[in-house]
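**Student:** predicted structure and sequence below. I'll ask about it afterward.
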Amino acid sequence: MAQEHCVIIGNGPAANQAALTLRENSSDTRITIVGQEPFPHYRPHLLPEYIAGRLSQDDLCVNPPAFYKECGIKVRLGQRVVHVDFNKRELVLDHKEVISFGGLIIACGGKQRIPEHLQVFDDLMLTLKTPADAAQWIEQLSQVDSVLIVGGDLTSLSLTKALLSLEKRVIFMLNEDSFWPVPLCNELSEKIKHMLTERGVEVIKAGRIKRVTRVSDRSLEVETDNKTLRVGILGAFFGMTPNVKFLARSGLDIERGVLVDEYLQTRFDLVYAAGDCAQVYHPTIKDYWVSIGYQNAINLGKVAGLNLLGGMLSVDASPESIFFIDGIIVNTSWWTEF
Amino acid sequence: MKTKGKVLREGVHRIKESGVFDIRSEALPTWCPGCGYFGIHQGLNNCIQKLGLAHHKVVIVSGIGCAGRSLFFTRTYGLHTVHGRTLPVATGVKTANPELTVFAVGGDGDGLAIGGGHLPHVARRNVNVNYLLFDNSIYGLTKGQPSPSSPVGMKSKASPSGTIDKPLNATLLALTYGASFVARLFAGDPDSICRALIEGVQHPGFSIFHIYTSCVTFDKEFKTWANLKKWVHPLPQDHDPSNLRQAFDRVLDDEFSVGIIYKRTDIDK
Amino acid sequence: MPVVDVTVEVCGMAGDGTIAAGGLINEAMSDGGFSVLAFDSYPAEIRGFGRCVTRSRIGNEEIVALEDKTHVLISLNDEQARSRVPFLSENSMIFFDSNPAVYVREDKSLVSELDPEAILFGMPFNDIATASAGTTRGRNLTALGCFAAICGAPPDLFRAVIIRKFKSKGEKVLQTNLRSFDAGFDYALENFSNRIKSIFLISDKVGGPKKVLLSGNQAIGKAAIDAGLKLYFGYPITPATPIMEYLATHLPALGGRVIQMEDEIASIGAVLGSYYAGTRAMTATSGPGFALMTELITHGVMAEIPAVIINAQRGGPSTGLPTKTEQSDLHAAVFGGPGDSPRIVVAPSNVAECYHYTVKSFQLAEKYQTPVILLADFYLDNRVENLPMPEASESEKSGSNVLPENSLKGSYRRYEITESGISPRALPGMEGFIFSATGLEHTQTGVPDYSPENHMLMTEKRHRKITGALGDLPSPEEFSSGGKLDVGVIGWGSTFGSILEAVTTARNRGLLVGGLKITSIFPFHESVIRAFMNRCSEILIPELNYVGQLANLIGYIHSKDVVRLNRVTGTPFPPSAILEKIEYLVQVGNE
Amino acid sequence: MKNKDRYPPDNSISSKKTTNNVVYSTDPADFFYVGVNIPCQNACPAYTNVPEYIRCLYERSYDRSYQLNRIVNLLPGVLGRICSRPCENKCRHGEPELGKPVGICHIKRSAADGKDPDQSYTEYLFPPQGKTVCVVGAGPAGLAAAHDLSSIGFAVTIMEALDEPGGMLRYGIPEFRLPREILKSEISSALRIGVTLKTGIKVGTDVSVQNLLDDYDAVLIATGCYVPRPLAIPGEDLAGIHSGIKFVMQVASGSPPRLGRSVVVIGAGFTAFDCARLALRLEAEESAICIRATEQDLRVTKDEILEAKREGVKVKALLLPQRIIGNEKVEGVEFVRTRPGEVLPNGRRRVVPIEGSEFVLPCDSVIVAIGQGSEPIASPGEKDERGVLIGDRITYRSSVPNLYVTGDFMTGPTTVIECIAGGRRVAEKIAEDLTGKKFREWAVRTEEATTTDRERSWDFIPRREMPTITPIENRFNSIETEVELGFESEEGIKESQRCYLCYLHYEIDITSCIYCRYCIDVAPRDCIKMVNEVITNEAGAITGLVETSNWREVNAVVIDNSRCIRCGECIKVCPVDCISVSKVELVERTLQGRRN
């Protein structure tokens, strides 16, 4: 049944796929995408290339602006949803605008995770998810020549390659037990350590960071329990966590992400979640699954779109091999809490 | 608790049942929030409602200026004429159909400046028109120039070093022109305006209501609400409205006594 | 230096401080060396109702007209600003209050109207202003602070203007405004640092003399003072009141006086009385006031007494649209009043011309002993341009009364019929020249005489006198490549700015088009106009009135019907509408 | 007694009439009003007069602020540290577009920290009633009951089983959250008005309830809940499994058990979080709290969760323990994943286990802190299925005359503030039953007031954060070091400035209003409305305003006090001064023993 107004929160791959699916299957529904970042839908995994200067900001864009006008999809950028009221079926934006919706797809994706004990230093760290982050990297890289990467996840690997191409000194504090999104077995961690050192990256043993202080606008001092380092930039790469804090008051079931059944439906009817922010129970791994990766986001977006229009598709639970970086195959599509 | 829920609800319910506001327009008045004209508007509306005048038998003739806008906010017949010609036009309407209750509404600019020449003649003819002169001593609609009732020394963009002309006193002029019913009122007290208007409407001849009010946007020194509330006081108990000579003395001595100043009772028209 | 040509718009509800904010931008940018053309439109209501919009076009090069498109919109009231969205250009920048007092539904929200390319800058103006200055009164300056930070305009420019404007209002008001502005500036720098767009880097003080920001009204006021005006008699009426207010501030120091009369009839009466006694006097009004003055103006014609009347036209008829622009008083100015009453009517087309033709009006009035009517309009009076401070040369300022020779003492005839029609005029106080001016038809000595011959004689004299003024009146000015033209666009008043913009654009596109500016509306230079018309296959006359009043006046000169383009929208003539008509006419002409 | 801080002049105890026409009312409409309009006080089980004590702190009269708390909450210093802060969830300053709630609890602690240490308080002491009462249990409920009964004039004796008073406060809460000396000084101030305390006497074994009933005119059982609720799953008897309350008591008495490297804590309350944080202070390196539902459903404060995580505690959600694995010592816990069900009326979340999702989480020891039950005491009177004496929730009476129950013993584990409130209410009921006289009642006190010196810019002061020991490692140096360091005095003042003072009531007199809408024009939010009708409930309290923008239907301009942030802008501009301010507080009045 066509909804009079379907709203999609988020502007990532899942959100865009869901919008297209809705449009393909229902020509008269009013569709609105509400994206938090002021940038059109971009490819996050190309950001390191943008930092390395091999790509321009426009190359990151997936669809030209006219595309959305043709499909009759209204896109609202740089506007954050701050609350959703499910009995009134209204959502509130951060500039106090109230939008009523018939159907809703929550596809707001994830945000960079910073462990609690480091949160107090988060203004001294750089992460990488949005073009705005990338612009900050570019600006600071122009003044510094050394970068310390803490934690370690797939983005940090591709960023390290970009930093090396900019002749920056990279120190990598590798977590022994985990390399997001998978727990590390020795063999995989050796392979990563080898790959890094082979490229000239100084890999050091991970300690608990006790304090980070800014010494000058070009250098930071990082104090761990066994050493003190002076670096230009401190990059925090502890993987992603669903960006669903704004739904805390809405009565929606949230654990890490938005808890949905296998049809990606939440507790409220005509309200679905898709992409990195959805958390669905995964019978084979017998645990809750928060999908990551571009392809999964596309699939979940499609499923959510079809189901919102009355379909009953269940999520394809077989994890695909999604990551293949420099001979390291990471065959997973889920991540653990560590 | 001073107003329990019940007390407030009954108060609102009484107002709703009384239909006292049926006479208002649908749209909100466009006066600046805080303007004294709301009080006068309230007084006029309550008077029409209390007298039970049929709305289609009431005509409000108004001139140009903020005061002139009041007819758009009252559901009666209205004639928004050109600047200063309120009284002649009102004379035309009343003479044409004496059945109608005619209110003439205008500001101190409309009534004492450009329209100043007409007041003596309407008074002299004793046309049964009820003339409300909103006196806030400023031109509001043109953003703050001094008016004929502005005090000497009033500073404004049009009089940077202060006005030099002596102000006109509308009440005194009305008495001098022989108006047969003269009242001076204060916008902050809608009930007394309503009572005076009722007497005025029932008065067979011309009645003028010189109403002190405040322009919250452009007059920050002279007729502010604070000052008016300090200066305005009711006429003394022993005031006899039928005694013209006493009315003159009272008006000459004290500019801010409010109430029915003078009312001639020996006319039959 | 990158070419800067940006239109900034502030939109709010009456009472939000929209006009003040627009004025601040104009002065700051003018101090910054940019050329500015700005125009505000606001409702008749004072507070809480109706939409206020200030549009300022800012650029390095000279600016002749306002553009349709808006590049930066500063919304002080979203519900009002919604109506401005259709005028937004591609990736325009929008500043709005991100924490308004009440929640807004989607159909009433500004942001929901915008397309994705719009660059949003939502900042909590109310909160910033209250947190920094304890009140929301300075929120319009907070919005300016945000705008200045994002657009890279140096804050000191704005702070200097704020100090200049609010110093007189007391330290407390000044501090509230300064603090509100700074808080907005800092907030924007802190929260939007990654999206700073430096459009307005200080232009390297585009050469030439220091520019000053003048509105039409101010130019008229200054012109009157420079022309040695001694007495101004006026009555408040939108949009002419600012002229009285300007003179009230500056005239007393020069020994002059501004007297607010009880109405417009009193005002023109006093002006005629003053000029009869030989002292320069002036009054300014708008349509309804001008109508009241008509009888005394024809009295000036009959009694041959000079007078200078500024008619700041506004939407008519009657009370009409007090705060909207229109050119619908031409008929009234040229033909208003009983009898054949020729007078001089001049129409400036921009602020500089407002100055020069006001000065000239005094000379024309004195020399030709006639009321001179200067036809401005709301768009001209209220628009602000920055231009080198206009000055008047000694000759422009000199008195041009034609006084009688001493030889005529004892046998002086006030209304002496002369070859030019100008009779030397004695001033009360001059011994031996006693005469009485009268509105009755009169003989050459001024004695009432209603004989047929005398009336014919004197009427012919009065008309000959005025026609003779053509020599001193500015002749129509042509803007074209000369030679044959497909379309000739004739216009007057403020609309000519838009005509010029449209004609220039058309010529850049290779069209054979030219523009003719008519400044002297009456008497008009028929021969010059006919010459221009004969070179054009089509004549187009765009005017802001419904019937085409200039077309009625001079249309007969053209060999065939002129094409009239009429609008009564209360807003300035958009250049695009004229351009469209030109292209249509050229295309039709080719077929 | 410094007269500047005389015992609050209009406080409940001294019922002297004061000037500027104070009116007391017990009309249900007024109770409904203060319930809606002073949300913090309404959310507090003890009905602490929050705005007044914050205002006193702002005026730097710490003593008066402390005493205002003490009227309804005997242990302000204690509660300023460990209260579950139901008030802050309801604080108006915490509404979505208004920012973060006021730090009400931190301000309470600032009052306690800032007050004159040797300040002596004078409760209003009634003449002796000539009756004796025995209170069993010196926990928060027992202490509060004993103190109030004693002040009403009863001779009170407390029988405490353990060797020090305080109950859960002394034994159930670790020192890093509640230092001992604060507890000691506040308990002594409670008992100083003539309460005799006998420790080390276990009622039911050392002395029987029946004896007490014979010796005393009334007996109150307030022994709280110490019987840990078992998980009731296989393997629960293995070594290395501790109950939460016992673990904390062992640590409190200085002999903590061996925990090994990794600890799993099962439970969702403050005790569970205390155990997990204590484990990291002992020798454990990994400490995880496993909860059945989600983190959103936890009832502990947000600060508690953040501090625990910062110290390294992991919170694992949607896990239901099935079995505990190990031969004689625990080696792991088998959990099953759950799916969240609906939220039950009591606020708890129902969960549905997912079949086939079992997995084992290895660990060295398990702490079970899923709440406690009350310990059955041999006593006459009707008992529930677990043998625990049943008490009536309103009258607190058991089926035996003169035998009363209160606190966690009656209700099962709740919060400290609920226990103190329970203790005060039962004291009232006992006094009324024994003497037939009413000594206290709640009333709504209205007093004409003026707008305060609060400035509008204070509403934008960001919430002050409680300074804590950093870097985190220093917290583990010794087990007693208190983590929260308390506000500097200036910070406390700054935080107190944020309070809107919601006990101020703004009201438009519709008989003199001229509908000029100036107040609406200057209002910072939609708090003043053009109203067609006012809806009240049967008690006569306003429950709704029917708004209209049609000028003909605007019958009144009304201030919606539930939206009003008490900024006072409307009063500044009202042309006809028809807006009045009054202070409308919920206070407790003493009644000089009026016959009811």
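**Tutor:** In hand now; what should we look at? Numbering: from 1, shown residues only, chains lettered A, B, ... in the order given.

**Student:** what sits up against the helix or strand where D:Tyr404 lies?
**Tutor:** Applying DSSP states H and E as the criterion places D:Tyr404 in strand D:403-405. Contacts to strand D:403-405, defined as C-beta atoms under 8 Å, 6 or more residues apart in numbering or on different chains, come from residues D:209, D:213, D:218-222, D:379-381, D:389-391, D:396-398, D:426, D:429-430. Heads up, the C-betas are built off the backbone N, CA and C, glycines and all.

**Student:** need the buried ones from the residues you listed selected in PyMOL.
**Tutor:** To isolate the buried ones among the contacts of strand D:403-405 in PyMOL, judged by 16 or more other C-beta atoms under 10 Å in any protein chain shown, type:
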select buried, chain D and resi 209+213+218+219+220+221+222+379+381+389+391+396+397+398+426+429+430
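
**Student:** which of the contacts of strand D:403-405 fall in helices?
**Tutor:** D:Val209, D:Leu213, D:Val426, D:Lys429, D:Ile430 (DSSP state H).

**Student:** now distance to chain C and pLDDT too, for those residues, in JSON lines please.
**Tutor:** What follows is those, written out as JSON lines (distance: C-beta to the nearest C-beta, whole Å; pLDDT from 0 to 100):
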{"residue": "D:Val209", "distance to chain C": "59", "pLDDT": "90"}
{"residue": "D:Leu213", "distance to chain C": "61", "pLDDT": "91"}
{"residue": "D:Val426", "distance to chain C": "46", "pLDDT": "95"}
{"residue": "D:Lys429", "distance to chain C": "46", "pLDDT": "93"}
{"residue": "D:Ile430", "distance to chain C": "51", "pLDDT": "94"}
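
**Student:** looking at the residues you listed, spot the one nearest chain B.
**Tutor:** Distance to chain B across the ones in helices among the contacts of strand D:403-405 (C-beta to the nearest C-beta) is lowest for D:Lys429, with 28.2 Å.

**Student:** now do the same contact list for the nearest residue to that closest one once chain neighbours are set aside.
**Tutor:** Take D:Lys429 and drop its neighbours on the chain: the residue closest to it by C-beta to C-beta, 6 or more residues apart in numbering or on different chains is D:Tyr396, 5.2 Å away. If you count contacts by C-beta under 8 Å, 6+ apart, D:Tyr396 has them with D:Tyr404, D:Val405, D:Thr406, D:Met410, D:Gly422, D:Arg425, D:Val426, D:Lys429, D:Ile430.

**Student:** surely the fourth one is in a strand?
**Tutor:** Same thing as D:Met410. No. With DSSP: H, G, I helix; E, B strand; the rest coil as the criterion, D:Met410 is located in helix rather than a strand.

**Student:** so which residue of chain B comes closest to chain A?
**Tutor:** For chain B, C-beta to the nearest C-beta, closest residue to chain A: B:Pro33, 21.9 Å.

**Student:** surely that residue meets C:Ile46?
**Tutor:** No. Look at B:Pro33 against C:Ile46 with C-beta atoms under 8 Å: they stay out of range, at 10.5 Å.

**Student:** domain parsing of chain A, as residue ranges.
**Tutor:** Here the domain parsing of chain A from automatic domain parsing is A:5-52+A:61-111+A:241-321, A:114-238.

**Student:** what is the end-to-end distance of stretch B:75-82?
**Tutor:** Terminal residues of stretch B:75-82 are spaced 21 Å apart (C-alpha to C-alpha, to the nearest Å).

**Student:** give me the buried positions along stretch D:251-266.
**Tutor:** Neighbour-count burial for stretch D:251-266 [16+ other C-beta under 10 Å]: D:Val251, D:Ala252, D:Pro256, D:Leu259, D:Gly260, D:Ser262, D:Val263, D:Val264, D:Val265, D:Ile266.

**Student:** who's in contact with whatever residue of chain B ends up closest to chain D?
**Tutor:** The nearest approach of chain B to chain D comes at B:Gly34, 3.3 Å away (C-beta to the nearest C-beta). By C-beta under 8 Å, 6+ apart, the contact set of B:Gly34 is B:Val216, B:Trp225, D:Cys516, D:Arg517, D:Tyr518, D:Asp521, D:Val573, D:Pro575.

**Student:** with pLDDT, distance to D:Thr481 and neighbour count as new columns, can those residues be given to me in CSV?
**Tutor:** Formatted as CSV, these follow (pLDDT from 0 to 100; distance: C-beta to C-beta, whole Å; neighbours: other C-beta atoms under 10 Å in any protein chain shown):
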residue, pLDDT, distance to D:Thr481, neighbour count
B:Val216, 92, 60, 24
B:Trp225, 94, 61, 22
D:Cys516, 94, 61, 29
D:Arg517, 93, 58, 23
D:Tyr518, 94, 56, 24
D:Asp521, 91, 54, 18
D:Val573, 92, 53, 17
D:Pro575, 93, 60, 26
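
**Student:** and which of those is nearest to D:Ile305?
**Tutor:** D:Asp521 (43.2 Å; C-beta to C-beta).

**Student:** what about the closest one, which helix or strand?
**Tutor:** helix D:518-522.

**Student:** how about B:Leu133?
**Tutor:** Going by DSSP H and E, B:Leu133 is in strand B:129-135.

**Student:** show me what the helix or strand that comes right after that strand is packed against.
**Tutor:** Next helix or strand after strand B:129-135 toward the C-terminus (DSSP H and E): helix B:170-176. Judged by 3 or more C-beta pairs under 8 Å, 6 or more residues apart in numbering or on different chains; DSSP states H and E, helix B:170-176 is in contact with helix B:119-125, strand B:181-186, strand B:207-212, helix B:244-253, strand B:257-263.

**Student:** relative to C:Val547, which of the ones you listed is closest?
**Tutor:** helix B:119-125 (38.1 Å).

**Student:** wait, D:Cys363 sits on D:Val330?
**Tutor:** Yes. Proximity of D:Cys363 to D:Val330 meets the contact threshold set by C-beta under 8 Å, at 7.1 Å.

**Student:** among the two, which residue is more densely surrounded?
**Tutor:** Neighbours per residue (other C-beta atoms under 10 Å in any protein chain shown) separate D:Cys363 from D:Val330, with D:Cys363 holding more: 27 against 23.

**Student:** which non-adjacent residue is nearest that one?
**Tutor:** D:Val264 (4.2 Å).

**Student:** quick check: closest non-adjacent residue to the closest residue to chain D within the stretch 51-200 of chain A.
**Tutor:** As assessed by C-beta to the nearest C-beta, chain D sits closest to A:Glu116 within the stretch 51-200 of chain A, at 3.8 Å. Distances taken as C-beta to C-beta, 6+ apart put D:Lys309 closest to A:Glu116, at 3.8 Å, once the chain neighbours are dropped.
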